[in-house]
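Student: Give me the fold of what follows.
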Amino acid sequence: MSNNYNQNYTGYNQQYIRPRIFTGAVKNIIVANLAVFLFMTLFQTERFFLYYFGLAPQFVWGRGFVWQLFTYLFIHGSFGHIFMNMFVLWMFGSEIENAWGKNEFYKFYFITGIGSGLITLLFSLHSTIPVVGASGAIYAILVAFAMMYPNRLIYFYLLVPIKAKYFVLIMGVITFFSSFTQGSGGISYLTHLGGIIIGFLYLNNRNLASKIRFRMPHITIKNPFANFIRKVDKESKAPDINLHGTEQTMREELDRLLDKINQVGYEKLSETERRNLTLIGKYFTDKDKMKN
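Tutor: Numbers count the residues shown, from 1 in each chain. So this is what the prediction gives:
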């Protein structure tokens, strides 16, 4: 069934990255970062923001500026710095958010961002040089994308096509060796490396937890209403997705289902998801026939 969808729905190509229009969490994070950067630039408050909200390890330990572990993610030193971070966030983060949902994406972004800040603190206890930028969380997003879509093609330096898993591996090796030297040009490679490590550990634990829940169904409490719910679900012909809504909604749902098939296989789809897949595919197939 999934092969038919790949043939009938010409807009789908799992080989390449498919960035989307700004989504909930990604949009909110980008807007917040841009607002802080514009405020700093327009009112020339860079020194104030760097001192109080950049991540200076000595200030966290010695003066109790613990909020810096969170606020440093929203401070950027230049237009090029914020542009690259927000561009990567949109390019890779929007598809991850579509697969996980808004709340889970927020959780991953801030846990990895704060976690990479903690690693920076542990290995530069006496530094008073502020570390700024969302790069730790951004590198974690790259790791997540490579683990979810390892064979997607990324254009390295916008020229050379390379699979996501190899791209992140190359970036990880470069960051690892760079972390042994003092950051040049204001770049904290240690924070980048921290994002890679925290992102990898977070995703491994997340996958392990899901496997444990899947392999231990005997300890779950049986829902006395389960049979009734399944009966109602079977009798209902309307899928969860609103097929009377916009085509964009249906295309996004189709993308999500195809991505899930690509990751875990068709047999892992729920009954409702399989029904949605059938109905959406029929809709686009019938539409193509009418055009021809």
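
Student: What segments of this protein are strands?
Tutor: 153-156, 160-163 (DSSP state E).

Student: Please identify the most buried of these.
Tutor: For the strands of the chain, the largest average neighbour count (mean count of other CB atoms under 10 Å) is found in strand 153-156, namely a mean of 16. Quick note: C-beta positions are derived from backbone N, CA and C, even for glycine.

Student: Which strands and helices lie in contact with that strand?
Tutor: The helices and strands touching strand 153-156, judged by 3 or more CB pairs under 8 Å, 6 or more residues apart in numbering; DSSP states H and E, are strand 160-163, helix 164-178.

Student: Mind listing residues that contact the last one?
Tutor: Right, the one you point to is helix 164-178. Residues from elsewhere that reach helix 164-178 (CB atoms under 8 Å, 6 or more residues apart in numbering): 139, 142-143, 145-146, 149-154, 156, 162, 187, 189, 192-193, 196.

Student: got it, and stretch 123-137?
Tutor: 29, 33, 50-51, 54-59, 61, 72-77, 81-82, 85, 89, 109-110, 112-113, 115-117, 120, 188, 190-192, 194-195, 198.

Student: End to end on it, go ahead and measure it.
Tutor: Start and end residues of stretch 123-137 are separated by 18 Å (CA to CA, to the nearest Å).

Student: Centre of the chain to it, how far?
Tutor: Computed by CA atoms, centre = their mean, to the nearest Å, the chain-centroid distance of stretch 123-137 equals 22 Å.

Student: What of stretch 77-97?
Tutor: Remark: stretch 77-97 is offset 11 Å from the chain centroid, using CA atoms, centre = their mean.

Student: Show the average pLDDT along that stretch.
Tutor: Averaged across stretch 77-97, pLDDT comes to 91.

Student: now swap in stretch 263-277 and tell me
Tutor: 81.

Student: before we move on, what about stretch 131-140?
Tutor: For stretch 131-140, mean pLDDT is 94.

Student: Repeat that for stretch 28-38.
Tutor: Rounded mean pLDDT across stretch 28-38 is 97.

Student: in it, what's buried?
Tutor: Within stretch 28-38, the residues scored as buried using 16 or more other CB atoms under 10 Å are I29, I30, N33, V36, F37.

Student: In those, find the pair that's most separated.
Tutor: The span of those, defined through CB to CB, is set by I29 and F37 at 12.6 Å.

Student: quick one on the thing from earlier: out of the buried residues of stretch 28-38, flag the one nearest to Y202.
Tutor: Using CB to CB, the buried residues of stretch 28-38 come closest to Y202 at I29, 17.3 Å.

Student: tell me the contacts of the closest one?
Tutor: If you count contacts by CB under 8 Å, 6+ apart, then I29 has L89, G93, Y109, A134 around it.

Student: Which residue, neighbours along the chain excluded, lies closest to the third one?
Tutor: Using CB to CB, 6 or more residues apart in numbering and skipping the chain neighbours, the partner closest in space to Y109 is A137 (5.0 Å).

Student: burial measure for the one you found, as a count.
Tutor: By other CB atoms under 10 Å, the residues close to A137 number 27.

Student: Kindly report the same for V168.
Tutor: As a measure of burial, V168 has 23 neighbours, counting by other CB under 10 Å.
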